[in-house]
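Colleague: build me a model:
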Amino acid sequence: MFESRLRSSLTMLVLGLGLGSCLAAGGAVRADAPKEAAAKTPLYQFNGKDLTGLYGYLHDHKYDDPDGVFSVVDGAIHISGKEFGGLATRDTFSNYRLVTEWKWGGKTWPPRVENARDSGILLHCQEPDGTIGGHWMESIECQIIEGGTGDFLVVNNGGKFSLTSETRRGPDGQPYYEKGGESLTLKGGRFNWWGRDPKWKDVIGIRGERDVEKPVGEWNTLEVVCDGDAITNILNGQVVNVGSKAGVTKGKLMFQSEGAEIVFRKIEIWPLDKTSAK
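Modeller: Coordinates of the predicted model:
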């Protein structure tokens with residue numbers, strides 16, 4: 001019986017040590033890995049039917065959309081790109097995980113017919129509409145552009161917007177995200193994602209050697225985690241850019257119309273701890 005109990009005790013000890021090792025390994029988190037969503041109910045979720053919870057704003061037509069720039073077709077949001085503007089949330093958000101699935105359509109429009117397909121997600125947008133160029137709000141942009149998806153742009157018009165990132169200088173003199181690199185703060189301009197091709201050109205169909213974005217017509221998953229003043233861009237499962245010390249940490253979101261057709265089949269906003277929305 002003692003031998004049996006001894007074997008049992010040793011077995012439990014080994015199992016416990018094994019479990020501890022597994023937990024230690026599984027619990028190892030990269031320093032730049034963002035928080036997971038804290039709840040099972042999203043703050044916003046595209047319903048696959050209409051634009052409930054969203055509104056459009058366009059450069060020329062403002063809150064009217066006679067050309068159908070924004071529509072829902074076959075369970076997905078289509079943004080034609082014909083007129084500069086965007087599709088904005090009616091509510092404001094902070095401390096959230098945005099999850100989107102999107103792909104490029106085939107159509108491009110003047111003045112960007114032959115330029116790289118271009119869009120973006122504006123974060124922490126501050127009203128009024130049209131402050132930037134007559135079509136966007138002041139914000140921090142998670143760029144969606146061929147070859148540059150995941151870049152940060154500080155879309156500022158003399159306001160409070162700024163962003164800091166760890167960077168290296170590329171051969172083109174531009175700042176690229178690099179964990180542990182030189183800290184740089186911008187009140188305007190762009191932080192390139194880490195793998196952007198320094199030879200990038202603004203031409204349609206451009207792709208770099210290290211692109212994480214999938215080819216035109218294929219679905220991409222783009223997530224943005226806004227955790228306090230930190231922002232993390234995750235493209236197809238890879239962390240491509242990280243910003244911190246954002247000058248503004250709460251606002252609307254806007255999905256840009258910028259000369260290229262783009263389709264979203266999923267848009268979800270999930271709360272993190274201490275999330276607020278109104």
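Colleague: how about the helices in the stretch 1-150 of the chain?
Modeller: Using DSSP state H, counting those that start in this stretch, the helices of the stretch 1-150 of the chain run over residues 2-26.
Colleague: so which residues of it form strands?
Modeller: Along the stretch 1-150 of the chain, counting by DSSP state E, counting those that start in this stretch, strands occupy 44-45, 54-58, 70-73, 76-79, 85-89, 93-108, 118-126, 138-145.
Colleague: residue 76 against residue 267, yeah?
Modeller: No. Residue 76 sits out of contact with residue 267 when judged by C-beta atoms under 8 Å, with a separation of 9.9 Å. To be clear about C-beta, it is placed using only N, CA and C from the backbone, and glycine gets the same treatment.
Colleague: any idea how many residues pack against residue 109?
Modeller: Counted by other C-beta atoms under 10 Å, the residues lying close to residue 109 total 17.
Colleague: compare residue 76 and residue 267 (neighbour count), which wins?
Modeller: Neighbour tally, residue 76 and residue 267, criterion other C-beta under 10 Å: the higher count belongs to residue 267, 24 against 17.
Colleague: which of the helices or strands spans that one?
Modeller: For residue 267, the host element (DSSP states H and E) is strand 260-277.
Colleague: could you tell me the angle between that strand and strand 93-108?
Modeller: Inter-element angle recorded for strand 260-277 and strand 93-108: 170 degrees (by axes from the mean of the first three to the mean of the last three C-alpha atoms, to 10 degrees).
Colleague: rebuild the strands of the stretch 1-150 of the chain as TSV, extending it with mean pLDDT and distance to residue 179.
Modeller: Compiled in TSV, those are given as follows (pLDDT from 0 to 100; distance: least, C-beta to C-beta, whole Å):
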stretch	mean pLDDT	distance to residue 179
strand 44-45	98	30
strand 54-58	99	34
strand 70-73	99	37
strand 76-79	99	33
strand 85-89	99	30
strand 93-108	98	20
strand 118-126	99	21
strand 138-145	99	18
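Colleague: could you dump those strands to TSV with distance to residue 250?
Modeller: Shown next, in TSV, are the strands of the stretch 1-150 of the chain (distance: least, C-beta to C-beta, whole Å):
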stretch	distance to residue 250
strand 44-45	14
strand 54-58	18
strand 70-73	24
strand 76-79	24
strand 85-89	12
strand 93-108	4
strand 118-126	6
strand 138-145	11
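Colleague: closest to residue 245 out of those?
Modeller: When those are compared by C-beta to C-beta, strand 138-145 sits nearest residue 245, at 11.3 Å.
Colleague: run through who's touching that closest one.
Modeller: With C-beta atoms under 8 Å, 6 or more residues apart in numbering as the test, strand 138-145 has contacts from 102, 116-126, 131-132, 149-157, 159, 161, 163, 190, 222, 224, 231, 233, 243, 246, 248, 251, 254, 256, 262.
Colleague: rerun at 6 Å
Modeller: Applying C-beta atoms under 6 Å, 6 or more residues apart in numbering, the set of residues contacting strand 138-145 from outside is 116, 118-126, 131, 151, 153-157, 159, 161, 163, 224, 233.
Colleague: quick one: strands adjacent to it?
Modeller: On the basis of DSSP bridges, the sheet neighbours of strand 138-145 come out as strand 118-126 (antiparallel), strand 152-155 (antiparallel).
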